[in-house]
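> could you work out the structure for the sequence below:
(chains A and B)
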Amino acid sequence: QQQVKQSPQSLIVQKGGISIINCAYENTAFDYFPWYQQFPGKGPALLIAIRPDVSEKKEGRFTISFNKSAKQFSLHIMDSQPGDSATYFCAASKNFGNEKLTFGTGTRLTIIP
Amino acid sequence: DTGVSQNPRHKITKRGQNVTFRCDPISEHNRLYWYRQTLGQGPEFLTYFQNEAQLEKSRLLSDRFSAERPKGSFSTLEIQRTEQGDSAMYLCASSLWPQETQYFGPGTRLLVL
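As a prediction, the model looks like this:
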């Protein structure tokens, strides 16, 4: 069963625009929600993470919005750049991240000039 | 480079052969995770270790799969009697528990012919 659902599967955004990727989870025991960025041939790299005690977290151009009641969270990339072109995965974990990560299916983001 | 390293990076084998992958975590990291990633999907959890103790195994990990971390440092993942369905990227990640961030290696891409 897919515990973390991610959409869209692919996304094309113009340079300077806002990229938005959405995730929904089912298990209310999840309490740590990271986003990972993966380039071809590389392992995933942590981008930003949030815990459910806050509704938003911002780091540079990257923001996570979290809606606990809806069991949804999203990644916003402001002023998207060609270097942001990659595959993005949302994930969730229990025990404040000290357990296995359950990943979404990924979003392939392409930033066009 | 002090990141997570995995060897080999690529492995081609024939169905029925045994293969072994190695993961060297970031120095001092006490937790080590194995995930499997198939094309177009997010990583799926296989197993993880706290030091040398294997704490959890996924149901995905059939009896043909075995993982070890004998001295609490590097880990090996062995697949016996490989099948074409085992073709995937095998990712290793490490963390310094109780910190939650998992750092991924570049992966070992396995192709079973």
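> ok, now which ones touch residue B:2?
Residues near residue B:2 by Cβ atoms under 8 Å, 6 or more residues apart in numbering or on different chains: B:26-27. All C-beta spots, glycine's among them, are computed from the backbone N, C-alpha and C.
> you'd agree it is in a strand?
No - counting by DSSP: H, G, I helix; E, B strand; the rest coil, one finds residue B:2 to be coil, located in no strand.
> could you measure from it over to chain A?
Spatial separation of residue B:2 from chain A under the definition Cβ to the nearest Cβ, to the nearest Å is 15 Å.
> need the per-residue pLDDT for that residue.
With respect to pLDDT, residue B:2 has a value of 79.
> same check on residue A:22?
Predicted confidence (pLDDT) for residue A:22: 98.
> pLDDT weak spots in chain A?
A:1-2 (pLDDT under 70).
> do a quick rundown of the strands in it.
With DSSP state E as the criterion, chain A has strands at A:4-7, A:10-14, A:19-25, A:33-38, A:45-50, A:56-59, A:62-67, A:72-77, A:86-92, A:102-103, A:107-112.
> among those, which comes closest to chain B?
Proximity of the strands of chain A to chain B was assessed by Cβ to the nearest Cβ; the nearest stretch is strand A:102-103, lying at 3.1 Å.
> does chain B have contacts with the closest one?
Yes - applying Cβ under 8 Å from any Cβ of the partner chain, one finds strand A:102-103 touching chain B at A:102-103.
> ok, and what's touching that strand?
By Cβ under 8 Å, 6+ apart, the residues outside strand A:102-103 that reach it are A:3-4, A:27, A:30, A:36, A:89-93, B:42-45.
> hmm, 10 Å instead?
In this structure, residues lying in contact with strand A:102-103 by Cβ atoms under 10 Å, 6 or more residues apart in numbering or on different chains are A:2-4, A:6, A:23, A:25-27, A:30, A:34, A:36, A:44, A:89-94, B:35, B:37, B:41-45.
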